[in-house]
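Visitor: Turn this into a structure:
(chains A and B)
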Amino acid sequence: MSPIRLMAANDWRLMARSRVAQLALLMLLALAAVAALTAIAHRDHSNDLRARFQAQADQDFDGQPARHPHRMVHYGHFVFRPLPALAGFDPGVDAFTGSTIFLEGHRQNSANFGDVRQSSLLARFGQLSPAFVLQVLAPLVLIFIGFGLIAAERERGTLRLLRVHGRSAGEVLRGKLLALAGIAAVLLLPACLALAWLTVSAQAEPVAAVLLTIGYAGYLGLWVTGVVTVSALTRSARGALMALLGLWAVTTILVPRIGSDVALRMAPLPTRLETDIAIQRDLHRIGDSHNPDDPHFAAFKAGLLARYKVSRVEDLPLNYRGLVAMEGERLTAGLFDRYAEAQFARQRRQAEVVNGLALLSPAVAVRSLSMALAGTDLEGHRRFLRQAEAYRYTIVQGLNRLQAEAVTYVDDGNRNSDPEAARRVRIDPRHWHDVPDFTYRSAGLGERIRAAAPGAAVLAVWLVLAAGALGLAARRLGRDL
Amino acid sequence: MSLWSHELRLFLRQPLAAPLLALLLLLASASVWAGLAEITRQHAAIDRILPQQAADEAAVAAWATREGDAGNVAYYTHYATWDRPSPLAFAALGQRDVAPFVLRIRALALEGQINESEAYNAELALPGRFDWAFVLTYLAPLFIIVLLHDLVSSEREGGRLLLLTVMARSETALWVRRVVLRVGLVILTLVLPLAVGGLLSGAGQPILGMAGLAAAYAVFWALVCVAVGRFRLASVTSAATLAAVWLIMTLVLPGLALLAINAAVPVRQGVELTLAQREAVHAGWDKPKEATLAAFFREEPAWRDTAPMRSGFHWKWYYAFQHLGDLSVAEQVRAYRAGLERRNALSGRIGLLLPPVGLQMVLHRLAETDLVAQLTYQDRIRRYHRELRHFFYPFLFREQPFGPADFARAPRWRDSADTPRPPRPGA
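Guide: Just a heads-up that it's a prediction; the model follows:
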């Protein structure tokens, strides 16, 4: 056996005898198991529930009786955001974003019923998931087990014994690194099992699972290097423990919170209410279908009459009211898209601020990498919002077209006074079946990997820095020996 | 007294003591500043909205009152509601970052409107906010642990313990003095910025409650440190033990408790009632109008003598079935709310066992930024919605013409009486 392996094996023997190490390791493994089981169960249950609700909403829509198409525009539709398979590993922002939107004509509603708003403040303590265990708790276990690896040996004077046996500082450090990396590998194991289970049971992409494993291995490797470095650089074991606990508290607890505050300050978001009002104001300016003298709709009408070479809207081959509804929806939807994209752009600016702070905290970097690969980051929710809006536009315009084609202008005008017209404007419910169901297209693997790249890059920078610090520690240790 | 000042000098001469206290003071002050800035932002958002809202209403009034039909006005006018932060909210921002504090409603069926969300950045909400409650709950115990974990063991390891116990008139008094001094300084460091923030936001007396909680919480952690100290562990072992206790109390057990509570009290009624209410409202179009109106009159007998419906559509019928849609899910609304309250109550019970959870629950109750505050806001919206409906009903059921002057008489949302507007810090 190589001397490095021998030294590591010796450390493992010591750890196996240490109460603290045993307890910390066992506790974390138990927690990781609980976290994995509950996160996977919660993901499966939520996803099933949403699928069931979606099926019910589809069925409700198709089962509507004969109606005026515009009434179906207001009856609207519900869509639910399915949970990606890897949400069983890292639920990301799922609890913080609503999972369902009500889609209707002329309006853009919010996604509602996020778990956090339906929970007490306990939800803000952090959700136990395999990702949380690895991001926040595993580094602490590495600290508890590893802070004394070199510092305590130095205090006891056993470090010099190694020197006597002809071991160089570099060899000692590599031995310690290997010893602690072994612990990190054990900590990673439950998460790997959870990922493997998700690839089998929920068809998570194996590539994403492997990349997640690599990402977290890098993150834990960073902590292993950091712990060994600090343990080598500090004079006492207690000093090493304090320094490492401080480092942990700052990077995993403090910086992420401060990051949110800084981002909100640098790129504030308008409230929904303001956006609603702004959209109404713009709509009023570009075309107001309620205003009989509105220039946009006057031009629209003139254009139609000219195109069909008629002088009155009654003589159009299509129902003018339906055409106006289509034109109105086109205008509002254009504004919805514009404002939504502006909102998304602001959110991305906020994310850039936070990512800038990730340079201070590898925990922030690994969190963004993890959510991106799992497909549970905010970009995933934005995808859902975009697709829901596109779907809303498709079904509303489809129904407006039905009003234009299947309902006559005269009947439409007399539907409230003439019972026969009222009967005729209620068109055959088979049309509701023809409206396509909503299917959410989740982000492809390539897209998610690209989204994970910045986090991975920051982690790589940190690893390089840590390796540099380790080199420094080796030189110092060489002088000490 | 001289004994105390002597101990203070000794304590501050320790290499870590003064920098640690300064760091805690800096963090507590920064958190108070960030909290004040946040509630200023929320007040500013509400103030900014008012003129925009007035302009929006004026634009609707300009065309909707032209025909004098109240139905159009009620359909197209969105009325603004808002929930100003309490003067104490700066210390514990709570759920105000994920729950809306401004919401517009119409006199249509309410259940489809009241659960709307705010457009916030979920990735920023995920780690939580940097407020005073966070510094107190999570960071202050770490500082106390660093200051107290080696209270006795450092003397033992330094070989001074025997001398100290021999020289002290009372050994207990010596250790009590040292603990009280350290915890007292930590409490002072935490409470001073809070007090300044309270003065700036006009919080008044309730701030004392928060300060008292901070003191009690700090004392709790000091007692934990003393208890671990009794095991006569080496400094390093006791530091590791205490850090583990902190981890379990602030991160692990609350996480497990959340899993247990959410599993024990599912709240899917929210989605279910929203789906059911839409069915009920839209089925209203196809039901016999007389039956719909009769059902409505059972709830609102005052309009029983309205003229019978002549044509295929009348707004009064429309608003009647909107309201019936709400009533049809009243039971589910109650169940949903009961579920949320049950979750909150269970968390409170967990708080009796876990001081960090208990502290958060009480702090956010005092600050009125918790789930209960969110539900209280919803209750106020419900009352306001009722006022709005009843404002429009005479015009609809008695067919009174609705003019621009009537538009101005619509009931307005007011700041609730118990949250007076504080002076604006830094404004």
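
Visitor: pLDDT at the residue nearest to the spatial centre of chain B, what is it?
Guide: The residue lying closest to the centre of chain B (CA atoms, centre = their mean) is B:T369, at 1.5 Å. Note for B:T369: predicted pLDDT of 96.

Visitor: nearest spatial neighbour of A:R382, skipping sequence neighbours?
Guide: Sequence neighbours aside, A:F344 is the residue nearest to A:R382 in space, at 5.5 Å (criterion: CB to CB, 6 or more residues apart in numbering or on different chains). (C-beta placed from N, C-alpha, C; glycine too.)

Visitor: wait, what's in contact with residue 364?
Guide: All of this is about chain A. A:V255, A:P256, A:G259, A:V354, A:N355, A:L357, A:A358 (CB atoms under 8 Å, 6 or more residues apart in numbering or on different chains).

Visitor: not quite, I wanted chain B
Guide: B:H364 sits next to A:L121, B:A92, B:G94, B:Q95, B:A133, B:D370, B:A373 when contact means CB under 8 Å, 6+ apart.

Visitor: Equivalent analysis for A:P84, please.
Guide: A:P84 neighbours (CB under 8 Å, 6+ apart): A:A204, A:A374, A:G375, A:T376, A:G380, A:S442.

Visitor: redo that, cut-off 7 Å
Guide: Each residue near A:P84 by CB atoms under 7 Å, 6 or more residues apart in numbering or on different chains is listed here: A:A374, A:G375, A:T376, A:S442.

Visitor: likewise B:G158?
Guide: Per CB under 7 Å, 6+ apart, neighbours of B:G158: none.

Visitor: phi, psi of it?
Guide: Dihedral angles of B:G158 (phi, psi; degrees, to the nearest 10) stand at phi -80, psi 0.

Visitor: any idea how far it lies from B:L164?
Guide: To B:L164, B:G158 is 10 Å away according to CB to CB, to the nearest Å.

Visitor: Which helix or strand contains the residue nearest to A:R382?
Guide: helix A:320-357 (DSSP states H and E).

Visitor: you'd agree A:W12 is up against A:L180?
Guide: No - in this structure, A:W12 is not within contact of A:L180 by CB atoms under 7 Å, at 9.9 Å.

Visitor: Checking the spatially closest residue to A:R272 that is not a sequence neighbour next. Helix, strand or coil?
Guide: Once flanking residues are discounted, A:R272 sits nearest to B:A119: 4.7 Å by CB to CB, 6+ apart. Three-state assignment for B:A119 (DSSP: H, G, I helix; E, B strand; the rest coil): coil.

Visitor: could you point out which element follows the helix holding A:F344?
Guide: helix A:362-374.

Visitor: so what's B:S117 up against?
Guide: A:G98, A:S110, A:A111, A:N112, A:G114, B:P100.

Visitor: ok, back up a step: tell me the most packed of the contacts of A:P84, by neighbour count.
Guide: A:A374 (30 neighbours; other CB atoms under 10 Å in any protein chain shown).

Visitor: where along the stretch 251-400 of chain B do the helices fall?
Guide: In the stretch 251-400 of chain B, the helices defined using DSSP state H, counting those that start in this stretch lie at B:253-264, B:269-283, B:289-299, B:315-328, B:330-353, B:355-367, B:371-397.

Visitor: Just put those in a markdown table and tack on distance to A:I145.
Guide: As requested, those are exported to a markdown table (distance: least, CB to CB, whole Å):
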| stretch | distance to A:I145 |
| --- | --- |
| helix B:253-264 | 22 |
| helix B:269-283 | 44 |
| helix B:289-299 | 67 |
| helix B:315-328 | 58 |
| helix B:330-353 | 29 |
| helix B:355-367 | 25 |
| helix B:371-397 | 39 |
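
Visitor: so where do the strands sit in chain B?
Guide: With DSSP state E as the criterion, chain B has strands at B:79-82, B:102-105.

Visitor: and of the ones you listed, who's closest to B:L354?
Guide: strand B:102-105 (33.1 Å; CB to CB).

Visitor: Who are the packing partners of that closest one?
Guide: Using 3 or more CB pairs under 7 Å, 6 or more residues apart in numbering or on different chains; DSSP states H and E as the contact test, the elements touching strand B:102-105 are helix A:272-286, helix B:17-64, strand B:79-82, helix B:371-397.

Visitor: mind listing what it pairs with, with the direction of each?
Guide: Sheet pairing for strand B:102-105, assigned by DSSP bridges, gives strand B:79-82 (antiparallel).

Visitor: What residues does the stretch 301-450 of chain A have near chain B?
Guide: A:Q343, A:Q347, A:Q350, A:A351, A:D377, A:L378, A:H381, A:R415, A:N416, A:S417, A:A422 (CB under 7 Å from any CB of the partner chain).

Visitor: got the contact list for the closest residue to B:L256 other than its chain neighbours?
Guide: Spatial nearest neighbour of B:L256, excluding adjacent residues (CB to CB, 6+ apart): A:L128 at 6.4 Å. Counting by CB under 7 Å, 6+ apart, A:L128 makes contact with A:V34, A:A35, A:T38, B:G255, B:L256, B:L259.

Visitor: Can you tell me the closest non-neighbouring residue to A:D288?
Guide: Nearest one to A:D288, counting by CB to CB, 6+ apart, is A:D294 at 4.7 Å.

Visitor: Number of residues surrounding that neighbour?
Guide: 16.

Visitor: wait, doesn't it sit right on A:I286?
Guide: No - between A:D294 and A:I286 there is no contact under CB under 7 Å: 9.4 Å.

Visitor: and residue 222, what is it in contact with?
Guide: Chain wasn't specified; assuming chain A. Applying CB under 7 Å, 6+ apart, the residues contacting A:L222 are A:P362, A:L459, A:W462, A:L463, A:A466.

Visitor: Please refer instead to chain B.
Guide: Neighbours of B:A222 in contact, by CB under 7 Å, 6+ apart: B:I144, B:L148, B:V179, B:V183.

Visitor: And chain B, is the host helix or strand of A:L14 touching that?
Guide: Taking DSSP H and E as the definition, A:L14 sits inside helix A:3-17. No - applying CB under 7 Å from any CB, one finds helix A:3-17 separated from chain B by no less than 13.6 Å.
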